[in-house]
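J.: how would this look folded up:
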Amino acid sequence: MVCEAICDRLTEAGCEVVATADNGASAVEASLSTRPDVILMDVRLKGDIDGIHASELINEKVRTPVVYLTGDSDRTTLQRAKAASAYGYVLKPFHIKNLIVAIEVAVERFEMERRLEDSQLTYATILSSIGDAVIAVDMQGSIRFMNAIAERLTGWSTREAELKPLEIALNLMDAGEMVVDLLGRVLRSRSTLALGSGAVVISRHGVQVPVDGSMSCVIDGLGRAVGAAITLRDVTSARKAESDLGSLARQLRTVIDTAVDGVLMLDAAGTILMINSACERLFGYTAAEMIGRNVETIMPSPPTGGRDTAVDASSGRLLVAARATTCRRRDRSAFPAEVSVGEADHPADRRFVCVVHDVSERRDLEAALLDVVSREQRRFASDLHDGLGQELTGLSLLLSALGKAAAAAGSPHAADLVRAGEVARHALHSSQTIARGLSPIGSTEGGLVGALRQLVCRLQGSSGPHLDISVSEVSRLGLSPSTTDHLYRIAQEALSNALKHANAKSIEVSLDVQREHVRLEVRDDGEGVREGARGAGLGLRTMQYRASMIGARFEIAPNRPRGTCVICDCPQTHARAASAC
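T.: You can find the predicted model right below:
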C-alpha cells in the first residue's frame, strides 16, 4: 500500500515509475532490465537480500543513483549506505515533497559526477599522451597526479607517490644545488617560474636526467589558488646537441683564426659581422673597430657579382669565385687582393663569407720577373740591332762591293758574290725583325706611338679589314718602359683577336694621352664577343693580367652599333711610381 501511494504521488509530480519490486532479487532484475534514472530503495526488503546489498549488486553491472527509504537511522545502516554509493537517504515517515527533492538532488549529483569523471578522463588522456612530464600537487604540496612520463622520469608510480610531498618523489637540482620551496614561491607569486638551464632530475634509482620546464599555479573559477602543476621535459639530446654545436663552433673559430687569409662575414647590406685575426693584421683594424662598419670601408669595390658568379644547384646559395680587387688599409694605403664570396646558410637573413687573399707579394714578384724578362728582351734586341745588325750591314756592303768588282773583272765568281750579298741582306732583315719582336718600342722611333703605328701598318693587308690609328696627345707620355711594353702587347693581342675572330670590316686603334691617364682602345665592327666566352680565352686572360700588373682598368665592352671595344685605362701616376721603383 505504501509503494502504491508513493507511485501515485510520483506520477502526479511528473515522474515515470518503470518498475516496482518487494524483494532484493526482483529489484536487481528490474533495475538491470529497465535501466532507470534513479532507484528508490527501501533498506528492508523481503528475502535474504536487503536494499543495501541489492544496490551493491546493481552497481556492479550498471551505475544508477540510489535514494534509500528507511526507518532506521543507526550509524551502522548509514555507513553501509554510504559504502554502497548512496545519493540520498530519506527517513520514514516523510513528506512526498521531501522525497521529490531528494530525487532531484540525487539525479543532479549523479549527472555532475558523471560529467566530472568524463572531464577527468579527458584531461588524464591528454596529460598521458603529451611528451612532457606533468605532476599536479595540492596547496599542501601533496602529489595528486603524475602522468606516465613523470613516472618514468622520477621512478615513482602515481599510486606510490599519491598524497606524498612533492620533494620526496621529485629530486630536482639546479646548478648543483637542491631546489627548495618551489611550490611556496609559485603560490606566493602566482606566476610561472621557469627552471634554470642547469636543472637536473635525479630519479628514485639515482639516474640523472637534464630537464627544462616550469611550475605554474592552478587557479579555480573563483580566482582561488587550489594547487600547482609542474611540467618537465627531458633535454638530454638537446643539451648534447648544444654541447656538440658549441664544440664545433669553437673548432671552426680556431680554424678561421689560424687561417692565413682574411675571413669576413657580412649581412645583405654589406655590414661586417665577424672577422678573423688575419683581417686585423691585413687591414690594421681591431675586430671591435671593424664589426658594424660597411665593407666598403676596406673594400671600395667588393666583388658581389659578375661573370664569376654562380648559384649552387643543391642549396641555391650565391658563390663568387676569386676575383681581383683593391683593398684599403687603415692608413689609407691600398693593396691588391683576390676576394671570393660565398653565401652562408642562415635561417633569418642572407649572410656572406668573404675570403681575402693579399697578392701584393705575388704581384711584386711577378712584376719583377716581367721587368727582368723585358730588360733581357730589350738587351738582346739591342745586341741584335747594334751588334749583329751592324756586322751584317758591313758584310752586306762588302759583298756588294766585291760583287761589283768581280763583275767588272769578268770573274766567274761574280754571281756567287751577288747571291752571298742577298743572303747577308736577308739575315740582316731577319735580325731586325727579331729585334723588333723582342723590343718593339725600343727598336722604333717615336716610342709607344711609333710602335703602334708600325704595328697597324704591318698588320694592314689588301684582303683584310681596314686598320686605322688615331693618337690624341694632350700631355706628355710619361710611362715607364715596362708599362709601355704592356700597353703595346695588349694592343697587339687585341688586334690579333679582332683579325682572327671578329670578321670585321674595319678596326680602329686609338691612344688618348691625358695628364693623369693613358687610354688605349681597340674597336671593331665585327661579330662581338660571344656570351660566356668573355675572359675564357688565354689571350683575353693575358690582357687582363697585363692590365692588372700596371694598375690599369681593363674592360671588354660592346661597340655601337656592332662589334667589340677593348679598353685599357692606365694611370700615368702609377706608371711613374713603377718607373721610380
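
J.: just the strands in the stretch 101-250 of the chain please.
T.: 133-138, 143-146, 171-174, 177-178, 193-194, 199-202, 208-219, 225-234 (DSSP state E, counting those that start in this stretch).

J.: And the stretch 251-400 of the chain, by the same measure?
T.: Using DSSP E, counting those that start in this stretch, strands in the stretch 251-400 of the chain cover 262-267, 272-275, 309-311, 318-328, 334-344, 351-358.

J.: Turn the ones you listed into CSV, including mean pLDDT and distance to S216.
T.: The way it works is simple: take the backbone N, C-alpha and C, and place the C-beta from them, glycine included. Formatted as CSV, the strands of the stretch 251-400 of the chain follow (pLDDT from 0 to 100; distance: least, CB to CB, whole Å):
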stretch, mean pLDDT, distance to S216
strand 262-267, 90, 39
strand 272-275, 91, 39
strand 309-311, 47, 49
strand 318-328, 76, 47
strand 334-344, 87, 40
strand 351-358, 90, 38
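
J.: among those, which is nearest R453?
T.: R453 lies closest, by CB to CB, to one member of the strands of the stretch 251-400 of the chain: strand 318-328, at 31.8 Å.

J.: okay but L370 is in contact with S482, surely?
T.: Yes. With contacts counted by CB atoms under 8 Å, L370 reaches S482, the gap being 6.7 Å.

J.: higher neighbour count, the two?
T.: S482 (21 against 17; other CB atoms under 10 Å).

J.: other SSEs contacting the helix or strand harbouring that one?
T.: Using DSSP states H and E, S482 falls within helix 481-497. When contacts are defined as 3 or more CB pairs under 8 Å, 6 or more residues apart in numbering; DSSP states H and E, helix 481-497 sits against helix 360-382, helix 447-459, strand 506-513, strand 517-524, helix 538-549, strand 564-571, helix 572-580.

J.: any idea which of these scores lowest on pLDDT?
T.: Ranked on mean pLDDT, the bottom entry among these is helix 572-580, at a mean of 46.

J.: Next, the buried residues of the longest helix along the chain.
T.: Scanning the chain for the longest helix, with DSSP state H as the assignment, gives helix 96-129. The neighbour-count check on helix 96-129 (16 or more other CB atoms under 10 Å) flags L99, A102, I103, A106, V107, F110, L127 as buried.

J.: go on, stretch 209-217?
T.: In stretch 209-217, counting by 16+ other CB under 10 Å, buried: V209, P210, V211, D212, G213, M215, C217.

J.: Kindly report the same for stretch 182-201.
T.: Quick answer for stretch 182-201 (16+ other CB under 10 Å): L182, L183, V186, L187, L193, L195, A199, V200, V201.

J.: so what's the first one up against?
T.: Meaning L182. L182 is in contact with L166, L172, L193, M215, I230, counting by CB atoms under 8 Å, 6 or more residues apart in numbering.

J.: Likewise for the second one?
T.: Counting by CB under 8 Å, 6+ apart, L183 makes contact with V137, G141, L166, M215, A228.

J.: Same list (those) but as a markdown table, adding distance to A238 and pLDDT.
T.: What follows is the contacts of L183, written out as a markdown table (distance: CB to CB, whole Å; pLDDT from 0 to 100):
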| residue | distance to A238 | pLDDT |
| --- | --- | --- |
| V137 | 26 | 90 |
| G141 | 29 | 88 |
| L166 | 25 | 89 |
| M215 | 20 | 90 |
| A228 | 25 | 90 |
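
J.: which of those lies closest to D416?
T.: M215 (120.1 Å).

J.: Surely the closest one is in contact with I230?
T.: Yes. Counting by CB under 8 Å, I230 is a contact partner of M215 at 4.2 Å.

J.: circling back: return the closest of the contacts of L182 with respect to V359.
T.: Of all the contacts of L182, L193 has the smallest distance to V359: 59.3 Å, by CB to CB.

J.: any idea how far M139 is from the closest one?
T.: Remark: distance between L193 and M139 (CB to CB, to the nearest Å) = 16 Å.

J.: Same question for L232.
T.: On the measure of CB to CB, L232 and M139 end up 21 Å apart.

J.: Let's have the contacts of L183 in a markdown table, adding distance to H53.
T.: A markdown table is the format used below for the contacts of L183 (distance: CB to CB, whole Å):
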| residue | distance to H53 |
| --- | --- |
| V137 | 39 |
| G141 | 41 |
| L166 | 42 |
| M215 | 48 |
| A228 | 43 |
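
J.: what two of those are the furthest from one another?
T.: Farthest-apart pair in the contacts of L183 is G141 and M215; separation 11.3 Å (CB to CB).

J.: R323: how many residues sit nearby?
T.: R323 has 19 neighbours, counted by other CB under 10 Å.

J.: Now do the helix or strand where L467 lies against strand 517-524, angle only.
T.: Taking DSSP H and E as the criterion, L467 maps to strand 466-473. Here strand 466-473 runs at an angle of 170 degrees relative to strand 517-524 (axes from the mean of the first three to the mean of the last three CA atoms, to 10 degrees).

J.: which ones are touching K240?
T.: Neighbours of K240 in contact, by CB under 8 Å, 6+ apart: none.

J.: Look up how far I143 lies from it.
T.: Distance from K240 to I143, by CB to CB: 30 Å.

J.: before we move on, what about L370?
T.: 86 Å.

J.: just to revisit the earlier point, identify, from the buried residues of helix 96-129, the entry nearest to Y545.
T.: For the buried residues of helix 96-129, the nearest to Y545 is L127 (73.0 Å; CB to CB).

J.: And the residue nearest the centre of this protein?
T.: Taking CA atoms, centre = their mean, the centroid of the chain lies closest to D345, which sits 1.6 Å from it.

J.: Test my guess that M173 contacts I202.
T.: Yes. At 6.5 Å, M173 counts as touching I202 under the criterion of CB under 8 Å.

J.: where does the stretch 101-250 of the chain dip in pLDDT?
T.: For the stretch 101-250 of the chain, the stretches with pLDDT under 70 are 120-128.

J.: can you list the domain ranges for this structure.
T.: Following automatic domain parsing, the chain resolves into domains at 2-125, 131-240, 259-353, 363-438, 447-580.

J.: need those in a markdown table with distance to L248, can you?
T.: Compiled in a markdown table, these are given as follows (distance: least, CB to CB, whole Å):
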| stretch | distance to L248 |
| --- | --- |
| domain 2-125 | 41 |
| domain 131-240 | 12 |
| domain 259-353 | 14 |
| domain 363-438 | 37 |
| domain 447-580 | 38 |
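
J.: Q251 is nearest to which of these?
T.: domain 259-353 (13.0 Å).

J.: Return the distance of the closest one from the chain's centre.
T.: Computed by CA atoms, centre = their mean, to the nearest Å, the chain-centroid distance of domain 259-353 equals 16 Å.

J.: Over to stretch 240-260?
T.: Offset of stretch 240-260 from its chain centre (CA atoms, centre = their mean): 16 Å.

J.: Show me which residues of stretch 16-29 are buried.
T.: A21, G24, S26, A27, V28.

J.: Most widely separated two among the buried residues of stretch 182-201?
T.: Maximum distance among the buried residues of stretch 182-201 (CB to CB): 23.9 Å, for L187 and V200.

J.: Just to check, T286 is in contact with E280?
T.: Yes. With contacts defined as CB under 8 Å, T286 counts as touching E280 at a distance of 5.9 Å.
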